[in-house]
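J.: Following is a predicted model, sequence given first.
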Amino acid sequence: MHIEFDAEVYRWQARQDSAWYFAEVPEELSADIREIAEPFARGFGAVRVQAQIGGSTWRTSIFPGSSGAYSLPLKRSVRDAESLEEGTTARIGLDVLDA
């Protein structure tokens, strides 16, 4: 399954010293992923994906949040390469690997 969407980059607010940044998969697309994905048996319902923003491609996992939407962690190397900062909107492509 391949999806594309625009999402705002946000910093994890649970810890003030956090350097973790994410983009949220829209709820409707998150529901589609839940229907076809086989989440890890252990891993908080994580689903493995290959992500792309601009010229950067990497493998990671998306994690379900309390809102029902998945969150995509954004590596520092990707944020730097694609000039992403908190509040930036990014065009994201995801290939679900756990389907």
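T.: Here it is on my side, so go on.

J.: rest of the way, CA atoms for contacts and neighbours
T.: Noted.

J.: How about the contacts made by the spatially most central residue of the chain?
T.: When CA atoms, centre = their mean is applied to the chain, the residue found nearest the centroid is residue 72 (1.5 Å). Taking CA atoms under 8 Å, 6 or more residues apart in numbering, we find residue 72 in contact with 22, 23, 24, 25, 61, 62, 63.

J.: Recalculate using a threshold of 6 Å.
T.: Contact analysis of residue 72 by CA atoms under 6 Å, 6 or more residues apart in numbering lists 22, 23, 62.

J.: Is residue 19 in a helix, a strand, or coil?
T.: coil (DSSP: H, G, I helix; E, B strand; the rest coil).

J.: Can you check the pLDDT for it?
T.: With respect to pLDDT, residue 19 scores 83.

J.: which outside residues touch the helix-or-strand element of the chain with minimal mean pLDDT?
T.: Here the helix or strand of the chain ranked lowest by mean pLDDT, DSSP states H and E is helix 27-36, holding a mean of 92. Helix 27-36 has contacts (CA under 6 Å, 6+ apart) with 69, 70, 99.

J.: now those: which count as buried?
T.: By neighbour count, with 16 or more other CA atoms under 10 Å, these hold 69, 70 as buried.

J.: which one in the contacts of helix 27-36 is the model shakiest on?
T.: Of all these, residue 99 carries the smallest pLDDT score, 73.

J.: For that one, give its distance to residue 75.
T.: 23 Å (CA to CA, to the nearest Å).

J.: Helices of this protein, residue ranges please.
T.: 27-36, 76-81 (DSSP state H).

J.: Would you mark the buried spots in the first one?
T.: This points to helix 27-36. Buried positions in helix 27-36, judged by neighbour count with 16+ other CA under 10 Å: 30, 33, 34.

J.: Make JSON lines out of those and add distance to residue 80.
T.: Shown next, in JSON lines, are those (distance: CA to CA, whole Å):
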{"residue": "30", "distance to residue 80": "26"}
{"residue": "33", "distance to residue 80": "28"}
{"residue": "34", "distance to residue 80": "30"}
